[in-house]
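Participant: all I have is the shape, not the residue letters:
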């Protein structure tokens, strides 16, 4: 019986993959040929049934891929999911035959220095924790130009997946309290090590069959009272100082994540517990800006009012975790553990892990396709990312209900530095502009006399100076919010004395320059170039006056051209008349 080209190609791919010894491949190939198997798909299925390869490996081989199954001593067995920066695999150590989770940076992101910094920070942070409620990190490495992190393998869903696959999208209150209690135990260990997690949410809690909870993803963690360089790298990735996920972000963290502490994680855990008890986030608004505003100004409904079976004491614990002021919350995660212990009950968790993996695989492919689509769009767009926008940004957008398992805004992450790590103009966000029709005091009346503005040199609309002082920085209450970690929270300000504007450095990290020269305080003149931090360039001037001046220059040039043409025409006419009639 003739062997098909498809199955011959499959055997070649399998041998090239090194998943099965060559001698064993020859034996199996003869067996299947004798049995009349002439299909590569049937051959692959047979190998899976024999336990020689996994379904994931078979699918890749059938796609014609024979490489990428090994990272040093680790063999990739299955795709567990996708994170903000790469794929997470179930992997076998070929020497010890132990099973681990291997997180590998996406090949498309290996040139992005900002994402590399975050990836390395996650590995460094994870190795400092050793607690049963935290996914262990054992080490890291690099193979084929791709860095990877070796982590503890947990066969179980995330809390988000557990909620999503339930009929009512919420858990029994005893089980929900226990999950939060265990998470608080892990958080307390993180805080004792001097870190703040800053992204506590259902996606970052894994639960095994016995009900044991483990925290994962320390890519946004921050070492308190330590070097700020890592924190700046994280903010550079996301383009602003607010990192986290909108639906679960503490009010103070949304203003400036540099100020986040243990109580900020308590707030985020409170939002997570809220979602477990009610099936929805505390503020399920469609727009991110509405969610962030609600965290600042609104009180969430008591969970006992939403689900009457929940004891009022549990509702009060959640309410305390969600207090707007940090000092009104539990001071430590250990206090949360004590408060929830009375109401907690560990329960086994039933789940279909194959269904979960299939769902993760589908989501991973969709996210990769979306990422590739965005990269193609960026390739055809301008290199500059300076822009004016009217909404706040966070690492992940909010949704009307529980957010789906997703990459936390990796598209915007890449947009901050360009697809291959080239630095772009920082994004800026104009805030608190004065309504020209509103009543003004004498100071703003003086400012109204000024027609000066800041013009982004990378492109964008002029930003009128309508306040005195006009503050520039990273904070959300600045008049010009610069989404760049190298810019200080309150970097500098422009002051108006009724006639002139003066720029003043507010003890910033990277200073300010005017026309290339570092300055602490300097009066500005129209046409001056202001450089804030390492890359934001603005021109100080009067766009309206400059437009009029440009128009005047064009009019003068046109009039001059008309005069010259008239003189030429007169001269030519006079010569013609003299030549024909003057003799």
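Facilitator: Good, I have the coordinates. For clarity, every value in this text was computed on a predicted model and none was experimentally measured.

Participant: from what I can see residue 204 touches residue 134, true?
Facilitator: No - Residue 204 is beyond contact range of residue 134, at 10.7 Å (criterion: Cβ atoms under 8 Å). From N, CA and C alone the C-beta is placed, and that goes for glycine too.

Participant: secondary structure element holding residue 561?
Facilitator: Following DSSP states H and E, one finds residue 561 within helix 543-581.

Participant: among residue 204 and residue 134, which residue is more densely surrounded?
Facilitator: residue 204 (25 against 22; other Cβ atoms under 10 Å).

Participant: look up the closest residue to that one, ignoring the ones flanking it.
Facilitator: Leaving out its chain neighbours, the residue that sits closest to residue 204 by Cβ to Cβ, 6 or more residues apart in numbering is residue 217, at 4.7 Å.

Participant: in a strand, that neighbour, correct?
Facilitator: No - under DSSP: H, G, I helix; E, B strand; the rest coil, residue 217 falls outside any strand and is assigned coil.

Participant: residues near it, how many?
Facilitator: 23.

Participant: again, but for residue 272
Facilitator: 26.

Participant: sorry, back to before: what touches both of residue 204 and residue 134?
Facilitator: 215-216 (Cβ atoms under 8 Å, 6 or more residues apart in numbering).

Participant: the residue nearest to residue 204 contacts residue 199, doesn't it?
Facilitator: Yes - contact criterion Cβ under 8 Å: residue 217 and residue 199 qualify, at 6.4 Å.

Participant: quick check: pLDDT value at the residue nearest to residue 204.
Facilitator: Note for residue 217: predicted pLDDT of 81.

Participant: tell me the SS of residue 123?
Facilitator: helix.

Participant: isn't it right up against residue 142?
Facilitator: No - in this structure, residue 123 is not within contact of residue 142 by Cβ under 8 Å, at 10.9 Å.

Participant: ok, these two, which is more surrounded?
Facilitator: Between residue 123 and residue 142, residue 123 has the larger neighbour count (other Cβ under 10 Å), namely 22 against 13.

Participant: any idea how far that one is from residue 158?
Facilitator: Per Cβ to Cβ, to the nearest Å, residue 123 is found 20 Å from residue 158.

Participant: do residue 475 as well
Facilitator: 33 Å.

Participant: swap in residue 543?
Facilitator: Taking Cβ to Cβ, one finds residue 543 at 50 Å from residue 158.

Participant: quick one, which of the two is more surrounded?
Facilitator: Legend: neighbour count by other Cβ under 10 Å for residue 543 and residue 158, higher for residue 158 (22 against 17).

Participant: can I assume that one is in contact with residue 204?
Facilitator: Yes - using Cβ under 8 Å, residue 158 makes contact with residue 204 at a distance of 7.3 Å.

Participant: buried residues in the host helix or strand of residue 26?
Facilitator: Residue 26 is part of helix 22-34, with elements assigned from DSSP H and E. For helix 22-34, a neighbour-count test (16 or more other Cβ atoms under 10 Å) marks 25, 28-29, 32-33 as buried.

Participant: beyond that helix, next helix or strand please.
Facilitator: Later in the chain than helix 22-34, the nearest helix or strand by DSSP H and E is helix 40-49.

Participant: show me what that next one is packed up against.
Facilitator: Under the contact criterion of 3 or more Cβ pairs under 8 Å, 6 or more residues apart in numbering; DSSP states H and E, helix 40-49 touches helix 5-17, helix 22-34, helix 55-62.

Participant: format those helices as CSV; extra columns: distance to residue 527.
Facilitator: Below are the helices and strands packed on helix 40-49 laid out as CSV (distance: least, Cβ to Cβ, whole Å):
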stretch, distance to residue 527
helix 5-17, 64
helix 22-34, 73
helix 55-62, 59
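
Participant: now render those as TSV, adding mean pLDDT.
Facilitator: Converted to TSV, these look like this (pLDDT from 0 to 100):
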stretch	mean pLDDT
helix 5-17	87
helix 22-34	93
helix 55-62	89
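
Participant: got the contact list for stretch 524-533?
Facilitator: With Cβ under 8 Å, 6+ apart, stretch 524-533 has contacts from 426, 452, 454, 457, 472, 482, 484, 486-487, 491-492, 494, 500-503, 508, 510, 512-516, 537-542, 545-546.

Participant: residue 82 bridge partners, please.
Facilitator: Residue 82 has these beta-bridge partners by DSSP bridges: residue 87.

Participant: OK, contacts around residue 539?
Facilitator: Residues near residue 539 by Cβ under 8 Å, 6+ apart: 454-455, 457, 527-530.

Participant: what's the closest non-adjacent residue to it?
Facilitator: Residue 539's closest residue in space is residue 455 (Cβ to Cβ, 6+ apart), at 4.5 Å.

Participant: residue 541 is in contact with that neighbour, correct?
Facilitator: Yes - counting by Cβ under 8 Å, residue 541 is a contact partner of residue 455 at 6.4 Å.

Participant: was I right to think residue 89 contacts residue 82?
Facilitator: No - using Cβ under 8 Å, residue 89 is not in contact with residue 82; the gap is 10.4 Å.

Participant: neighbour-wise, which one of the contacts of residue 539 leads?
Facilitator: Highest neighbour count within these: residue 454, with 25 neighbours (other Cβ under 10 Å).

Participant: make sure that residue is indeed in a strand.
Facilitator: Yes - counting by three-state DSSP, residue 454 falls inside a strand.

Participant: name the nearest residue to residue 140, sequence neighbours excluded.
Facilitator: Ranked by Cβ to Cβ, 6+ apart and with sequence neighbours excluded, the top spatial neighbour of residue 140 is residue 123, at 4.2 Å.

Participant: list the residues that contact that neighbour.
Facilitator: 137, 139-140, 147, 149.

Participant: residue 73 too?
Facilitator: Neighbouring residues of residue 73 by Cβ under 8 Å, 6+ apart: 93-95.

Participant: just the buried residues of these.
Facilitator: Taking 16+ other Cβ under 10 Å as the criterion, what is buried in the contacts of residue 73 is residue 93.

Participant: I'd like the contacts of residue 73 laid out as a markdown table, including pLDDT.
Facilitator: Formatted as a markdown table, the contacts of residue 73 follow (pLDDT from 0 to 100):
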| residue | pLDDT |
| --- | --- |
| 93 | 95 |
| 94 | 94 |
| 95 | 94 |
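
Participant: ok, which stretches of the stretch 401-550 of the chain are helices?
Facilitator: Taking DSSP state H, counting those that start in this stretch to define them, one finds helices in the stretch 401-550 of the chain at 410-417, 442-449, 543-581.

Participant: average model confidence for the last one?
Facilitator: Here helix 543-581 scores 68 as its mean pLDDT.

Participant: in this structure, which helix or strand is least confident?
Facilitator: Within the chain, judged by mean pLDDT, DSSP states H and E, the helix or strand with the poorest mean is helix 410-417; its value is a mean of 30.

Participant: what helix or strand is residue 292 on?
Facilitator: Counting by DSSP H and E, the element that carries residue 292 is helix 288-297.

Participant: what helices and strands are in contact with that helix?
Facilitator: By 3+ Cβ pairs under 8 Å, 6+ apart, helix 288-297 packs against helix 251-255.

Participant: so which elements touch the helix it packs on?
Facilitator: Using 3+ Cβ pairs under 8 Å, 6+ apart, helix 251-255 sits against helix 262-278, helix 288-297.
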